[in-house]
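Undergrad: I'd like to go over a predicted model; first the sequence, then the structure.
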Amino acid sequence: MKTAVNNNSFSAHGGIRDVPRGAVLVEKNKPQEKKPSKSRTGTLLVVLALALVVLFSQHAEKMAAYMSKPVQTVLMENPLLRVDERNVRSVLAAHIDTGFLALDVQAIKAELEADPWIDQAVITRVWPDTLSVAITEEIAIARWGDDSLLNQHGVIFKPQTIEEDMALPLLRGPEGTQNRVMEQYQSFSQMLFSSGLRVRELELSERGSWTLRMDNDVLVTIGRNDVVERMQRLVKLYDKLFYAQIDEIEAFDLRYNSGISIRNKADMPDRVASK
């Protein structure tokens, strides 16, 4: 007996089983499209690189001229107080015509920082044709010797002139002692502040002896030993004995264990005050 075979039925040997009546045939997922192979991507990159090379070679001169055109704008990031702007302009003018990319910013920085009043210079290119210049100036807190200044970090610098800085306190000392002298100046200034006295000059001798002159022109010889205790003694006696007659006094000598020697002005007798 032969069995009729429906045209919509498939043999299991064909890989698909018979579909029952009323069932819906579900097709297998279609295979995903193949992504370009790595070799194809690499080929595209090579072609793109070659195209760029050809484009650059054809327009190299124009592109180089555009990228290396001279600086058109100099942007000063902060105002200058002690630095001479003419000197800054002169340094910049010697470099900016070399082209934006060829500009030697380190050379500009070094030349600017050779100015005694410039602590730091930061030079930055700003595309396409601007140069940013940020200058940090020195801050003088005291004179050092006859022709130099001392900044807040205890560093000595020597401008061409210090005429504008003659009101600053004058500090002196052997070479390499500027930090020690500055610290002692600050200590003495704090001790005298409550009495209304100010240190105008302070000197450390080669032998280590301290001498100061106050803003009322009175000279104070402190010596080498126990300098803090001696200054404290002066402050204590000044408030009690010397405040009302300071105009008659020319100098104090603190080099005593328990007192102070006072030298009056020429028309007044000298005397000694004990603590």
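TA: Received, thanks.
Undergrad: contacting residues around stretch 111-126?
TA: For stretch 111-126, contacts defined as Cβ atoms under 8 Å, 6 or more residues apart in numbering pick out 75, 82-84, 87-88, 91, 100, 103, 105, 108-109, 131-138, 151, 157-160. For glycine as for every other residue, the C-beta is placed from the backbone atoms N, C-alpha and C.
Undergrad: Just the buried ones from the residues you listed?
TA: Using 16 or more other Cβ atoms under 10 Å as the burial test, the contacts of stretch 111-126 include 83, 87-88, 91, 100, 103, 108-109, 131, 133, 135, 137-138, 151, 157, 159 as buried.
Undergrad: From these, which land in helices?
TA: Using DSSP state H, the subset of the buried ones among the contacts of stretch 111-126 located in helices is 87-88, 91, 108-109.
Undergrad: hmm, back to that, the buried ones among the contacts of stretch 111-126: which two are farthest apart?
TA: F100 and N151 (34.5 Å; Cβ to Cβ).
Undergrad: Next one: the residue most central in space within the chain, what pLDDT does it get?
TA: For the chain, the residue sitting closest to the mean C-alpha position, by Cα atoms, centre = their mean, is Q120 at 6.2 Å. Looking at Q120, its pLDDT reads 97.
Undergrad: what secondary structure does it sit in?
TA: The assignment at Q120 comes out as strand when based on DSSP: H, G, I helix; E, B strand; the rest coil.
Undergrad: Quickly list what it is bridged to.
TA: Going by DSSP bridges, Q120 is paired in beta bridges with T136.
Undergrad: quick check, Q106 in a helix?
TA: Yes - under three-state DSSP, Q106 sits within a helix.
Undergrad: residues in contact with it?
TA: Contacts of Q106 (Cβ under 8 Å, 6+ apart): none.
Undergrad: could you check the distance from it over to A142?
TA: Between Q106 and A142 the computed distance is 32 Å (Cβ to Cβ, to the nearest Å).
Undergrad: cool, R125 as well?
TA: From R125 across to A142, the span is 38 Å (Cβ to Cβ).
Undergrad: same deal with E201?
TA: Using Cβ to Cβ, E201 is found at 10 Å from A142.
Undergrad: Need the overlap of contacts for the two.
TA: Applying Cβ under 8 Å, 6+ apart, one finds that E201 and A142 are jointly contacted by 169-171.
Undergrad: Just among those, which is most surrounded?
TA: Among the shared contacts of E201 and A142, L171 has the most neighbours (other Cβ atoms under 10 Å), with 25 neighbours.
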